[in-house]
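S.K.: Let me see the structure of the following:
(chains A and B)
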Amino acid sequence: MSDEPTQGGAPSPDHELDPVIHAQARLRVMVALSVLREGDRLAFPRLQEMLGMTAGNLSIHLRKLEEAGYVEVVKTHQGRTPTTLLGLTRRGRLAFEEYTAAVKALLSLTEEK
Amino acid sequence: MVDDDPEEQAPASPAETLRLIEAGRAAAQRDFQPDPRLTYMPWGVAWLVGFGLMFLRFGPDGRVLVAMPELLPLVALYVLLVAAAVVSGWSGMRAGRHVRGASSVQGLRYGVSWAAAFAGVIVIATRYSDRLPNPEVVLLWSGLSVAVVGVLYIAGAAIWQTREMFVLGVWITLANLGGFLAGPGWHALAISLAGGGGLLVGGFVEWLRWRRGQC
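M.R.: Take a look at the predicted model:
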């Protein structure tokens, strides 16, 4: 599981894309949460509705993102109802920016050929 | 592991990945921002029709341009304004539901600023309503109310950094001042055409941007 980032120098074109983000479901979670303004959090049911995923499936992917330190999961109470609030961590935002930049770099490389 | 899950699979190509990112971002941005057709246009219709009727019934120099019951333009304006408040408030709350944090605090306090401003308008204008001739009472209420709207649009543009909202706030303020200085009757015409028309055009322009997910 431990993919150490390659050390030093310019990012190589065949640089591995972050495997935590590079899966359709988790990419969609990251994209949706990246649109939230910094300091905002989204409740679980709204994210589920936006992405059209089942609660179980979404939970599995959120756990992976949380384990990677990309998503912060805060369990709280709204009155008496328990609520789960989600947001990208600073590290998650950075990882997503790097991922997007890496994809763009790969794309420009394939276009050049 | 859940590697059999199709959603665990990586997107087919970098181009497909970028398409997923851009489409997802646009969709989420649309989701978090209320539809400008619902936030601006109901107010545009209310001003265009409501103040239009006011102008026709209570024209400049006390002229009645189109004969109709005195109460009709007032009731029409009131009903349309209430309807606009309901529609725009509902769409704003829908976009912000289940979002906690800085945005919801901003939205709540901005909402309170509208309530506070209109409480001031109502209390001040009520006190002078019995002491002024009828056309001046209409001018007092509508002039103060539209001044508040113009200022709060400019303030809203400062909070959410939207250019359309800023331009609209300045435009509404200018229409209000110009109409007010021209006097009773003319003010209603200015708010109907420039104000209501401006809200419809501004709402449409912002909708074009919203539709692409660029708000």
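
S.K.: show me where chain A has strands.
M.R.: A:40-43, A:71-78, A:81-88 (DSSP state E).

S.K.: Please list the residues of chain A that sit near chain B.
M.R.: A:17, A:22-25, A:27-28, A:31-32, A:34-43, A:45-46, A:50, A:53, A:57, A:60-61, A:85, A:87, A:100, A:103-104, A:106-107, A:110 (C-beta under 8 Å from any C-beta of the partner chain). To be clear about C-beta, it is placed using only N, CA and C from the backbone, and glycine gets the same treatment.

S.K.: circling back: so which of the strands of chain A is the most surrounded?
M.R.: Comparing the strands of chain A by mean neighbour count (mean count of other C-beta atoms under 10 Å in any protein chain shown), strand A:40-43 ranks first with a mean of 21.

S.K.: For it, give the mean pLDDT please.
M.R.: For strand A:40-43, mean pLDDT is 95.

S.K.: Contacts for that strand, please.
M.R.: A:32-33, A:36, A:72, A:74, A:83-87, B:98-104 (C-beta atoms under 8 Å, 6 or more residues apart in numbering or on different chains).

S.K.: what do you get for stretch B:110-120?
M.R.: In contact with stretch B:110-120 (C-beta under 8 Å, 6+ apart) are residues B:S145, B:V148, B:V151, B:L152, B:A155, B:G156, B:I159.

S.K.: Return the closest of those with respect to B:P184.
M.R.: B:S145 (14.8 Å; C-beta to C-beta).

S.K.: How about the closest one, nearest residue that isn't a chain neighbour?
M.R.: The shortest distance from B:S145 to any non-neighbouring residue, by C-beta to C-beta, 6 or more residues apart in numbering or on different chains, is to B:V121 (5.7 Å).

S.K.: same check, this time on B:R163
M.R.: B:A157 (7.3 Å).

S.K.: From B:P133, how far off is the residue most central in space within chain B?
M.R.: Centre of chain B computed as the mean C-alpha position; nearest residue by C-alpha atoms, centre = their mean is B:Y40, 4.1 Å away. The spacing between B:Y40 and B:P133, counted by C-beta to C-beta, to the nearest Å, is 34 Å.

S.K.: for A:P82, same thing?
M.R.: Counting by C-beta to C-beta - A:P82 and B:P133 are separated by 61 Å.

S.K.: Likewise for B:V123?
M.R.: 21 Å.

S.K.: try B:L174
M.R.: Distance from B:L174 to B:P133, by C-beta to C-beta: 26 Å.

S.K.: Who has more neighbours out of those two?
M.R.: B:L174 (15 against 10; other C-beta atoms under 10 Å in any protein chain shown).

S.K.: in what helix or strand does the more buried one lie?
M.R.: Per DSSP states H and E, B:L174 falls inside helix B:163-182.

S.K.: give me the number of residues near A:E67?
M.R.: 11.

S.K.: cool, and B:L177?
M.R.: B:L177 has 16 nearby residues by other C-beta under 10 Å.

S.K.: now B:R163
M.R.: When counting by other C-beta under 10 Å, one arrives at 11 neighbours for B:R163.

S.K.: My read is that it contacts B:I154, right?
M.R.: No: with contacts defined as C-beta atoms under 8 Å, B:R163 does not count as touching B:I154, sitting 11.7 Å away.

S.K.: What ranges in the chain fall below the confidence cut-off?
M.R.: Chain wasn't specified; assuming chain A. Within chain A, the stretches with pLDDT under 70 are A:1-15, A:112-113.

S.K.: ah, I was thinking of chain B
M.R.: Along chain B, segments meeting pLDDT under 70 span B:1-7, B:215.

S.K.: ok so, going back, among the residues of chain A next to chain B, which ones are buried?
M.R.: A:17, A:22-25, A:27-28, A:31-32, A:34-36, A:40-43, A:46, A:50, A:53, A:57, A:60-61, A:85, A:87, A:100, A:103, A:106 (16 or more other C-beta atoms under 10 Å in any protein chain shown).

S.K.: Which strand residues bridge A:V71?
M.R.: Taking DSSP bridges, one finds A:L88 as the beta-bridge partners of A:V71.

S.K.: Against chain B, how distant is it?
M.R.: Distance of A:V71 to chain B, computed by C-beta to the nearest C-beta, to the nearest Å: 15 Å.

S.K.: ok, that residue - contacts?
M.R.: So A:V71 contacts A:V29, A:L33, A:L62, A:L65, A:L86, A:G87, A:L88, A:T89, A:G92 (C-beta under 8 Å, 6+ apart).

S.K.: Pretty sure B:L139 sits against B:F180.
M.R.: Yes: B:L139 lies in contact with B:F180 (C-beta under 8 Å); the separation is 6.8 Å.

S.K.: tell me, what's touching those two both at once?
M.R.: Joint contacts of B:L139 and B:F180 (C-beta under 8 Å, 6+ apart) are B:H187.

S.K.: Quick test: name the residue nearest the centre of chain A.
M.R.: A:M30 (3.1 Å).

S.K.: any idea how far that residue is from B:L71?
M.R.: Relative to B:L71, and taking C-beta to C-beta, A:M30 is found at 57 Å.
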